[in-house]
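Participant: got a sequence here, can you build the structure:
(4 chains)
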Amino acid sequence: MQLIPCPWCGPREEAEFHYGGQAHVAYPQDPSALSDEEWAQYVFFRENPSGPFAERWSHSAGCRRWFNAVRDTRTHDLLAVYRTDEPMPEVIS
Amino acid sequence: MSSPPGAHLPEHPDFLWENPEPKASYDVVVVGGGGHGLATAYYLAKVHGITNVAVLEKGWLAGGNMARNTTIIRSNYLWDESSGIYEHSLKLWEGLEEDLGYPILFDQRGVLNLAHSLQDVRDSVRRVNANRLNGIDAEWVDPAGVKEICPIVNISPDVRYPVLGATYQPRAGIAKHDYVAWGYARAAHAMGVDLIQNCEVTGLETSGGRITAVETSRGRIAAGKVALCAAGHSSVLAKMVGLRLPLASHPLQALVSELLEPVHPTVVMSNAVHVYVSQAHKGELVMGAGIDSYNGYGQRGSFHIIEQQMAAALELFPIFARAHLLRTWAGIVDVSPDASPIVGLTPVGGLYLNCGWGTGGFKATPGVGDCFAHTIAHDKPHPFNEPFTLERFTTGALVDEHGAAAVAH
Amino acid sequence: MNFRTPTGGAIDRNTVLRFTFNGQALTGHPGDTLASALLANGVHEVGSSVKLGRPRGIVAAGSEDPTSLVQVETPFSEPMLLATTVELFDGLQARGLAGQGRLSPEPDPARYDAKHEHCDVLVVGAGPAGLVAALTAARSGARVVLVDEQNQAGGALLGVDEYLDDRPSAEWVADIVAELRTTPGVLVLERTTAFGMYQDGFVLALQKRTDHLGFAAPASVARQRVWRIRTKQTVLATGAHERPVVFADNDRPGIMLASSARTFLHRYGVLPGWRAVVFTTNDSAYCAAIDLAESGVDIPLIVDARLEAPARLATECAARGIEVRAGHVVTGTEGSARVTGVHVAGQTVPCDTLLVSGGWNPVVNLFSQARGKLRYDSELGAFVPGEELASVRVAGSATGELDLNACARQGRDAGAAAAVAAGFTPGGQVPLPVSDSRCTQRTGLVLWRVPGDEDVSFVDLQRDATVTDVLRATGAGLRSLEHIKRYTTIGTAHDQGKTSGMIAAGIVAEALGVELADQRPTTFRPPYTSVSFAALAGRNRGELHDPVRVTAIHPWHVAHGALFENVGQWKRPWYYPRDGEDLHAAVLRECRAARESVGMMDGSTLGKIDVQGGDAGKFLDMLYTNMMSTVKVGRIRYGVMCGVDGMVIDDGTVIRVGEERFLVTTTTGNAARILDWMEEWLQTEWPHLDVHCTSVTEHWATIPLVGPKSRDVLAAVAPSLDVSNEAFEFMTWQDAVVAGVPARVCRISFSGELAYEINVTAWHGLAVWEALMEAGSPYGITPYGTETMHVLRAEKGYPIIGQETDATVTPQDLGMAWAVSKKKPDFIGKRSFARVENLRTDRKQLVGLLPVDPTVLLPEGSQIVETDRLPEPPVRMLGHVTSSYPSAALGRTFALALVRSGRERIGETLYVPVEDELVPVTVTDSVLYDKEGARRDG
Amino acid sequence: MTVSPLSAWTDRLAALPVNASERPFLSQLTVRASDPAAIAAMGAALGVVFPSVPCTFTTGTGSFGEVQVLWLGPDEFLVVAAPDLQIPIEEALRGALGSARGSVVDTSAQRTTVVLEGPHVRDVLAHGCSVDLHPSAAPTGTCVQTLLARTGIILLVTGADRVTLLVRSSFAEYLAAWLSDACVEYRTQ
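Facilitator: As a prediction, this is how the structure comes out:
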């Protein structure tokens, strides 16, 4: 069970959090301008790396804020946590 | 004292396979030596006469999800596309022991899928009716019927989520996973397939839009065709040729108890309370948990998932209170957006994809092995895997089995 | 025969405990385990092996024992416990097992719980290293938790009679424990096994709290507790297990690990037998031999596999008349239920006990679970921790160090380092004890097996797996230890290979001619020792299994005989049967009341979200398929929400409360999900929008008042409210005083009837409900449940999300193209409507079905086919029945269904297979009742 | 006329070794705002300084008597005051918020409040709450939103052995039942 450092509330048990998948996937500016392929990429396709992964979490049982994290999917170790309006930090995995 | 029932599992044969050095080139290289990879190689050789085949495994054969699943076999899926390939698989299971000449302990003890809410009941009846029209054995049983099939299920109306009934597939059951994998491996090897372990694929070589070779930890291996059967690692491999897949790899945990006298004659699954359990041949209770929410390649999940599952299991099976958890483990399941697999061609010539089975991979082993081999041999999908293209995510022709398979095995 | 020594052992000889084993009445003393008590009574044969049915005895004294499996029958039956870990109590009944336990069908009456604990330093193991580590950390001021699986601290010291600092080691242990117990912030837990080590300092430990009390266990105390420990730093002082050597017929009862025999002697005052041969590869077994000899056991022979016996110890043995034969091995044994002789150099040495020591395996399970890499120590013949981890330290014999003073030093270093790493400054230094031990523990010979009859040379005694099995596996082509484990089943029994795993690896390496250093050990998986399912479930069972959510009006429903439906965690009234009515009868009556007079239901479970801010309209326009920003203040609009894939996820009403304020409702089951959905978009995609969402689901009690007489009832309880159709139009809302309480009244209808939805603060819900019942009594006001609600809406063709939809259904499929805005440039899901699959004309569409025979009720979930005769499977299916009811208003049965090209098929006859019949049905529009909407205004 | 979620539990709660008691009908308002001036103005209107440190609460006294403000998130607060003040407080807060971004919502009946007291409080809660409640980690003034067993709670540390729990009304009976069960071992001590 991971201990996840909420940027606001500090470290809390994973059970308090909701996972949101890959971070930095922006809603397209104009979906109607996209081809079916491009739209499908947005809707269904996500990175799935074995290694550091920028992903979203929400502290759903706490402050209900979404934030981003870089986590190594091989070890599940959290390498960095940052707010949604911050750029992805450099991490050493 | 005499030995208890189930203590005598059939012995494995005295010879299984050799451990050859990889050749410089193969007609087909299968990446991933799990159940699907081994079955694919077997059917390539047996049905299509393609024997210049290597199965590359980065660890030990069948050491991934094949060694980590709860061995449930059933075909009672909702949609025609799913029931097609899973029923094809079940039919192959029914002849597999003879086919492989290996005691795979396929035991058609039936599977109950419990319903706990009125909507569960509607969904269950819908699936039973669809199954029957698709020629799949299925029936709806009321709580008393559940009790008759599996006397230890608590059907009291006073529990938090009472059992309102269940779907029952009598032909469903379990098999012994190592025996299945080794059966395929031995038979494939006997037909000339090279099984190469400790051989990690580190790159895929293409030329003119066509696959030409795989780079491995044991050197470059030229290949006419390459078939990916890497389950949780599919995304990583596909990315080597720039192919993105709509997959997320998640931990999926399971557990086993110590050996117990027989109490549980069938397989019980409950999506609503996230429990599925059978009692394996030697007497151990085998249970699966829900998928951990996050992406992970670590082959370990979070323990609160197991604790929640235990609480749910004891509501259904109070008799399990003093059984003991002996061992827990996790696999890496590749989950697709519609909980259905992706099996077929790719934009790269000669590169074939078989992934996205999520929690359903074991039961599909013979079926997908057969269909995938056909796809590779003919460079064209078998009718049973034709619906499971990558393109369906673009067109929207999904095969959404979430209702039937969200946490199911 | 009594094998109890006249004195000694940590048992209370003044108290006699009676117990039975396999039906035989025996006695023991407090302080005994079942195993020690059995041995004291001369019972070595405990059970039989799972496959071959060979007798099985007691090999070890602790939780590593592979064979002493018992079923404890009192006070409650529990399978597969080790006699070596069952503490004796008066009235214990147990029986030996043949490798399989039995589950009791009786309900387990015991309580179980869990507790969270936080600390700076967790120390696992209260042997010398762990005690010094814990005290060192405690003296720094750190919060320390010390757990140990035994019933008292001391670890390996419990099994010897050695002195530390010139006094009995127990005194040294007691002093340290006393200081720990009186140091603030220190928690010492006995009978507590750390069984799982997870991420970020999360350690799970099982505490057995009352089992040792037997029948005296208080019912109010949780029998077992799972400690969920979150620690900054961990010191693993988990010790080492002695391992045997494999030889022919090495499985007979009476063959025991040497150190375990020593433990039985010193801790329990029990002799394993009267005549014991010792077979060793290292020095430690000499101490066992000497101690037993001094206690009166005849030790005819020590067989030392090394070419030279250790000189000093050999001299000591000679002084006691013990022959030492170096350069020899045991090649076999005799006996059946008990060893009677040992084969050495072609001779048979009679004995009743054979003590074996093949060296020591550090207990690295938790270190490995913490993802620490292991390294093969060729001198020790075992895997040891092979790297340092940032937050996990290893001390004592778990590192492979076997000298006591050095172990304690490691403990002190690890305790100090852990405290420093957790942010503390070490306090007073803990002095290291000086031992008088005879034995230097190191310098052994690594010997896995003695050549001999491989068919009876057991590697895993519990699984009956032999050297033959291992060699068959390697001969079959297997190379990986994981494969060989599976082929032979070695290490898969309840002991998970604690004593057999290393030996199996060694034999495999020999057979394959490879170095063990190049072999990857099999994975150590949690739990370290087995944990009962009930302990893991804790108190989350029965009524605490999952919260039952209830509304403010719930007590009324209970008092009035409602039957309930689970909707998510909510309990909702399903229907209110009267005088033995069944579901259909009650629902027909309830429906009739709502259609003909007045009915009401508890709608409080509907999700309610307050949406405020300057961009609230714009935001809702993106979430709903239809336009919400144009709703006027005071008005209400129904809306549909889709996922990005264009499939319907929820529906509900949107009330415009003010220029910058809306109240939206969601379905009961989706309330939390939709609020999360809104927050996700707001926080992660559109943080620039001036919108805030707040859940008010439970702030409001919601009561739909439905039927032609609803206006009269409302007028009676809201005298100041003008309820006329003109003053209070459909799809508008008004604040009013209802039954003396401030209320928001909405004129919306989910039944097609004239209806009002009355919202009051939840505290007032019950009172307002009762007031409405009273005001409605002249009209026969009828409370109704979810089933009637479903029928009423179905008669009007209104879908229920989750019943008519299944994540594959679009608004257009539901016939709700009217609710999909053509004007808005974008909303969530819009782009997906243009995909190839969405443009197909043969999508499944919501329609009504009327069975040709109006008395036939189609089972919900039935499939629909085109022909009146079924072809051979697979049969083409056109869709399925989503809802089906008898209707009071229609005077017949009807159904809703999703049917391929359904709207084009209106008027066609299709067929529904029910059991063995094909029921003909006519496809109709989904709206079956009051198509013109004449009833809406009363 | 009014019924609180735990009105049927009063005696049972009082008998617990944690001396539990419901404080029903408190005025509660959920405030969303991030503009420091607006937050200061709202505090001034109530006579309390809104908490600026996450996971804390503040108390103050003004024209509405004693008011607590709970930090629920970086722009979210819960204002708690005596019963029957929600309407005037809402008005006061709206006035203070002015045209700044934010929202004020009456959520008085959304949750109910349970006070626990005595030496066993932390131990009992530790059976279901994973947050470290040791005084060094959770001193008086702490306000955390977390899980207690299977329900969400807001937990305020209001004194050395005193804790206030806020729970969603529909989960209140679950909370009461859970507390009763977790207290069983402590009854005899």
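
Participant: run through chain D and note the low-pLDDT ranges.
Facilitator: D:188-189 (pLDDT under 70).

Participant: kindly report the same for the stretch 1-150 of chain C.
Facilitator: For the stretch 1-150 of chain C, applying pLDDT under 70 flags the ranges C:1.

Participant: let me see the ranges of the strands in it.
Facilitator: Under the criterion DSSP state E, counting those that start in this stretch, the stretch 1-150 of chain C contains strands at C:17-21, C:24-28, C:47-48, C:55-56, C:69-72, C:78-82, C:92-96, C:112-124, C:144-147.

Participant: equivalent analysis for chain D, please.
Facilitator: D:21-22, D:27-33, D:57-62, D:65-73, D:76-81, D:102-106, D:111-117, D:143-148, D:151-159, D:162-168 (DSSP state E).

Participant: looking at the ones you listed, which is closest to chain A?
Facilitator: strand D:65-73 (3.9 Å; CB to the nearest CB). To be clear about C-beta, it is placed using only N, CA and C from the backbone, and glycine gets the same treatment.

Participant: tell me which residues of that closest one are tucked away?
Facilitator: Buried residues in strand D:65-73, counted by 16 or more other CB atoms under 10 Å in any protein chain shown: D:Val67, D:Gln68, D:Val69, D:Leu70, D:Trp71, D:Leu72, D:Gly73.

Participant: what of stretch B:178-193?
Facilitator: In stretch B:178-193, counting by 16+ other CB under 10 Å, buried: B:178-189, B:193.

Participant: show me what from the stretch 701-850 of chain C comes close to chain D.
Facilitator: Residues of the stretch 701-850 of chain C lying near chain D by CB under 8 Å from any CB of the partner chain: C:Gly740, C:Val741, C:Thr761, C:Ala762, C:Trp763, C:His764, C:Gly765, C:Leu766, C:Ala767.

Participant: doesn't C:Leu766 make contact with the second one?
Facilitator: Translated: C:Val741. No: look at C:Val741 against C:Leu766 with CB atoms under 8 Å: they stay out of range, at 11.0 Å.

Participant: what parts of chain D come near chain A?
Facilitator: Going by CB under 8 Å from any CB, the residues of chain D near chain A are D:54-55, D:72-74, D:76, D:130-131, D:144-147, D:152.

Participant: for the stretch 151-300 of chain B, which residues are neighbours of chain A?
Facilitator: With CB under 8 Å from any CB as the criterion, the stretch 151-300 of chain B meets chain A at residues B:233, B:235-236, B:239, B:244-249, B:293-298, B:300.

Participant: next one: the stretch 351-500 of chain C
Facilitator: Proximity of the stretch 351-500 of chain C to chain A is confined to C:Arg371 under the rule CB under 8 Å from any CB.

Participant: for C:Gln224, find the nearest of the strands of chain D.
Facilitator: For those, the distance to C:Gln224 is smallest for strand D:143-148, at 21.3 Å, taking CB to CB.

Participant: what residue is smack in the middle of chain C?
Facilitator: In chain C, the residue lying closest to the centroid (CA atoms, centre = their mean) is C:Leu536, at 5.6 Å.

Participant: out of the buried residues of strand D:65-73, which is nearest to C:Thr625?
Facilitator: The shortest approach to C:Thr625 among those belongs to D:Gly73, at 29.8 Å (CB to CB).

Participant: how near is that closest one to C:Trp677?
Facilitator: Relative to C:Trp677, D:Gly73 is positioned 17 Å away (CB to CB, to the nearest Å).

Participant: distance to B:Gly63 for the buried residues of strand D:65-73 - can I get that in JSON lines?
Facilitator: Below are the buried residues of strand D:65-73 laid out as JSON lines (distance: CB to CB, whole Å):
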{"residue": "D:Val67", "distance to B:Gly63": "62"}
{"residue": "D:Gln68", "distance to B:Gly63": "57"}
{"residue": "D:Val69", "distance to B:Gly63": "56"}
{"residue": "D:Leu70", "distance to B:Gly63": "51"}
{"residue": "D:Trp71", "distance to B:Gly63": "49"}
{"residue": "D:Leu72", "distance to B:Gly63": "47"}
{"residue": "D:Gly73", "distance to B:Gly63": "45"}
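
Participant: number of nearby residues for the residue of chain A found nearest chain D?
Facilitator: Nearest to chain D, among the residues of chain A, is A:Cys63, at 3.9 Å (CB to the nearest CB). A:Cys63: 24 surrounding residues under other CB atoms under 10 Å in any protein chain shown.

Participant: next one: it from C:Phe894, what distance?
Facilitator: Relative to C:Phe894, A:Cys63 is positioned 49 Å away (CB to CB).

Participant: now do C:Val145
Facilitator: Counting by CB to CB, the gap from C:Val145 to C:Phe894 is 65 Å.

Participant: contacts only, for residue 76.
Facilitator: Picking chain A for this. Counting by CB atoms under 8 Å, 6 or more residues apart in numbering or on different chains, A:His76 touches A:Gln2, B:Tyr294, B:Gly296, B:Gly298, B:Arg300, C:Gln199.

Participant: nope, chain C please
Facilitator: Going by CB under 8 Å, 6+ apart, C:Phe76 touches B:Arg322, C:Ser104, C:Glu106, C:Asp108, C:Pro109, C:Ala110.

Participant: at 7 Å instead, please
Facilitator: By CB atoms under 7 Å, 6 or more residues apart in numbering or on different chains, the contact set of C:Phe76 is C:Ser104, C:Asp108, C:Pro109, C:Ala110.

Participant: just the buried residues of the residues you listed.
Facilitator: C:Ser104, C:Asp108, C:Ala110.

Participant: in CSV: the residues you listed, plus distance to chain D.
Facilitator: Shown next, in CSV, are the buried ones among the contacts of C:Phe76 (distance: CB to the nearest CB, whole Å):
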residue, distance to chain D
C:Ser104, 23
C:Asp108, 16
C:Ala110, 12
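
Participant: out of those, who's nearest chain B?
Facilitator: Using CB to the nearest CB, C:Asp108 is the member of the buried ones among the contacts of C:Phe76 that lies nearest chain B, at 3.8 Å.

Participant: quick one on the thing from earlier: chain D: which of the buried residues of stretch B:178-193 is nearest?
Facilitator: Chain D has its nearest neighbour among the buried residues of stretch B:178-193 in B:Asp178, at 37.8 Å by CB to the nearest CB.
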